[in-house]
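[1] how would this look folded up:
(2 chains)
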Amino acid sequence: MPELELSVNGETRLVDLPVGTSLAALLRESLGLTGTKIACNEGHCGACTVQIDGVPTLSCITLAHRVRGEVTTIEGLRDHPLIDAFVRADAVQCGFCTPGQVVSAAALVAANPDPGVDEIRHRMAGNICRCGTYPRIEEAILHWRG
Amino acid sequence: MARLIRTEKEVEGRFEDVWLVVEEDPLTQWPEGPLAVVGRDARRQDGPQRVRGEARYTADVQLPGMLHTALLRSPYAHARVARIDFTKALGLPGVRGALGPGDAKGLEAEAGFAGAAVAAVAAATFAQARSAIEAVEIEWEELEAVLDPNDAVARGLLTAPSAAYERGDFERALADADVVVEGTYRTSVVLHNAMETHQAVCEWIGDALHVFVSTQYIWGVRAQLAEAFGIPGDKVRVVCEYMGGGFGAKNGADDYTLVAAELARQTGRPVRCALTRREENTAAGNRNGTVQRLTAGARSDGTIVAFGGEFVNAVGWSGWSAMTDGPMQMLYACDNVRTVRHGAKINTPPMKAFRAPGFVEGTFGLECIVDELAAKLELDPLELRRLNYTHSNDGTPYSSKNLMQCYDLAQKHWDRRHQVRARSTDIWKYGVGMASQIWYGGGGPPSYAWTRVGSDGCVTVVTAMQDIGTGTRTTMAQIAAEELGVPLDRVEVVLGDSARGPYATLSAGSSTTPSVGPAVRAAAADAKRQILEIAAQRHDLEQRVLDIRDGSVVSEDGNLSQPLESLLGLLESAQILGQGARGPNPTGMSVLTFGIHVVEAAVDVETGEVRVERVAAVHDVGRIVNPLGARSQVEGGIIQGIGHTLSEQRLLDPASGRVLTTTLDAYRMPTIADVPEIVCEFVDIPDEHLTNLGSKGIGEPPIVPIAAAIANAIRDATGADVHELPITREEMLRALRAARRKETRGAPAAV
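    Next up, the predicted model:
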């Protein structure tokens, strides 16, 4: 199997895996980084969102062998102020979509530390939350710095 | 004392007579209003784990040597497996085992809907299992498929005998009515689509079966597996510490769990069976479609004198005929009501409970026709509802009912309608609508809890319930902290493991807080009593002058204030153990939840686009334990309900019976961009007759009235009567055309 080298959360990782494996499967199964969730596995829901060089990317429809650049998963964002902001605002119910929401939100506040409601709604619209925590997510991002 | 009683038990609006062992509930309720911990906002105790991606869901369970399952599903709406041959499939790489019809519960030779599972293959990877499914040789015998629910009812194809209800004399009352309104209302099939799909991982360890499963009821899964494999219940351990949403679709073991357990037995390996998103949209349950033919009659003074309804539930191949007729029977004082409810057994995917099943659909029809009645009577819709208020449930008193207070609290939102309407332009028409909510949600016995208090003064609550995302773990911690007089951060809750805690009820029917909460309080009270007994002996004081406050044992006169860890330090590693049970529901009373939604909506009369701009929700569910979590439930229910009302629709190919909307781009759930302003209020008065807690559930009530409130706002804005969910642009434009026709005939289009 072709060997693959990639950088995840600042660490260089070397893995053997079949061509055609998705980045989400690589993260969850080969690296044990199960914070990245797979909910639809076809790029419709955003639960699998990671950052590649800071850009939110759907890891379930990204081929692992095509990845160039630094991959940041929820495990790499565990000290981000957004974590506490989400808990404070109660922006989590079942929590299955939440890591993906935080990864998207982290990219958003990195690009614009003071996003307005319209920008939040635009940039977060790709992350589905079936429990409907959206108003809380909006509040968490508006007040992410505490 | 334990008491054996024969009683009526309600779950999701379904009643059955059962034998129950109940224990006394001797605690008196806490006073109304916010207390030290209960009634105050509490952050989710497991929030950080969930947000940081550390919480381990069933989807994250990876066991050494674990196999993956793919299911073979029927392409036909009704067919029988005539021949099946696994020879080729079993020879493929990685394949370890296969099951055909009859080899496991849940795999039947007769497929009653397109998507029914008939066979399964386990392999080292999911891709290998899928390839093997392709290689299974199968011959089908196609059978006649019935897809139309009205056709099924006409032919007597029913899931259960039709339910008829009558009080008073409907025919005579209708004949005497000054105003009569009739209408046919339809609701479409909608899907739960929890983010974590239905799935289980099963492993046999010796003669015991270990199961990780995404479920709302670990004890139900345990019982089903014990029965399927003929083993004692305690040989089945069911674990669900975190779960990624259910909404009613995960109340049982279902085929995927039974198949995984059987494949694990056969292969000697741990086996995962996880539905794909497309399977989730096909075979994992749904809120069934309904047809409701309704009649309402009133006197010109606004007294509703007659309600009639024929309800058809398009149940599908399995499931049950939920109480779509319930709101019509229960919401108003109307003396003459006649309803009949049919459950059509058709060759479509199965119905499963979905957040207030039956009442969501029935409230849409009822609350729309009540507003049409108000329009015809030229009465204020809110006044009409006040006028027809009922103080008993068909003669049975309520344990508590504060719907009138809900109406009063909603008045200020309702009064905005004049200024909202004034925002209308030639194209965008604005209006305000309302709808009332009635539903169950009182829970019931049995449920049990244990508490243990260590020498460090920290408390652990152990109860084998589930937190399906509603925040019940935090709610239970608050209740224990309040009773024991300790800060919230001293309390941990261990749940979700049938081998590590006592029985607790299912997380459905808005029942977790009202069912398990009182047991947790009783268990905390039991531990507290023991702690105070110890303190009394230690300090040579009477127990009645002692209490625990903020983590310290204190005496009435203020002379004693000893931290718990100081008092209990003498225990070293031993612990104080408390246990508690959920007491009985009040006899001879109806335990129900109430509420009202007021919606501001806008309609583009050229394109049929509908925008919900603002929703004000007022609910009466007894005592609120965690206002922060309760508000989240209300917002979530409203948002899900907006999806059901405006954009979500599972489409079926009418020729083949196959689901067309199997992906999340086709099945359109709300995103953050679709959310209106939501204002949420609670009456927050404990139900004085219900348990030591006085709380009812809030999971389901907020999804009940939203569709009708939106439809009524649309009527207020445009004069158009929408009669069908979802309110697509097509339905909106149809309703606008019908309203214009009505207007040109001279009738007033709107009040």
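[2] what's whichever residue of the stretch 351-500 of chain B sits closest to chain A sitting at in phi/psi?
    Of the residues in the stretch 351-500 of chain B, the one nearest chain A is B:G469, at a distance of 2.8 Å by CB to the nearest CB. Using the backbone N, CA and C atoms, a C-beta is placed for each residue, glycine as well. When quoted as degrees, to the nearest 10, the phi and psi of B:G469 stand at phi 120, psi 0.
[3] so how far is A:T57 from the closest residue in space to it that isn't next to it in sequence?
    The spatially closest residue to B:G469, leaving aside those adjacent along the chain, is A:C94, at 2.8 Å (CB to CB, 6 or more residues apart in numbering or on different chains). Applying CB to CB, to the nearest Å, the value for A:C94 to A:T57 is 23 Å.
[4] pull the distance from stretch B:186-199 to the chain's centre.
    12 Å (CA atoms, centre = their mean, to the nearest Å).
[5] likewise for stretch B:324-333?
    Taking mean C-alpha positions (CA atoms, centre = their mean), stretch B:324-333 and its chain are 19 Å apart.
[6] in terms of neighbours, single out the busier of A:C94 and A:T57.
    The residue with more neighbours, out of A:C94 and A:T57, is A:C94; 29 against 21, by other CB atoms under 10 Å in any protein chain shown.
[7] what helices or strands is the biggest helix by length in chain A leaning on?
    Ranked by residue count, the top helix of chain A under DSSP state H comes out as helix A:98-111. Applying 3 or more CB pairs under 8 Å, 6 or more residues apart in numbering or on different chains; DSSP states H and E, one finds that helix A:98-111 contacts strand A:49-52, strand A:55-58, helix A:81-89, helix A:117-123, helix A:134-142, helix B:47-51.
[8] CA atoms only: put the second one into PDB for me.
    Once non-C-alpha atoms are left out, strand A:55-58 reads as follows in PDB (Å, rounded to 0.1, in the frame of the first residue of the first chain):
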ATOM      1  CA  VAL A  55      -9.500  26.300   5.200                       C
ATOM      2  CA  PRO A  56     -12.600  24.300   6.300                       C
ATOM      3  CA  THR A  57     -12.700  21.100   4.300                       C
ATOM      4  CA  LEU A  58     -15.100  18.100   4.200                       C
END
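[9] how about the longest helix of chain A: buried residues?
    Residues of helix A:98-111 classed as buried by neighbour count (16 or more other CB atoms under 10 Å in any protein chain shown): A:98-109.
[10] hmm, who's touching it?
    Applying CB atoms under 8 Å, 6 or more residues apart in numbering or on different chains, the external contacts of helix A:98-111 come out as A:35-37, A:45-51, A:54-56, A:72-74, A:77, A:80, A:82-83, A:86, A:91-92, A:115, A:119-120, A:123-124, A:126-127, A:129, A:133, A:137, A:140-141, A:144, B:50-53.
[11] secondary structure class of the nearest residue to B:G694 once chain neighbours are set aside, three-state.
    Nearest residue to B:G694, sequence neighbours excluded (CB to CB, 6+ apart): B:P686, at 2.7 Å. Recorded secondary structure, B:P686: coil (DSSP: H, G, I helix; E, B strand; the rest coil).
[12] now B:P686: how far from chain A?
    23 Å (CB to the nearest CB, to the nearest Å).
[13] equivalent analysis for B:N313, please.
    B:N313 is 24 Å from chain A, by CB to the nearest CB.
[14] that residue in helix, strand or coil?
    Strictly by three-state DSSP, B:N313 counts as strand.
[15] could you pull up phi and psi at the residue nearest to B:G469?
    phi -70, psi -30.
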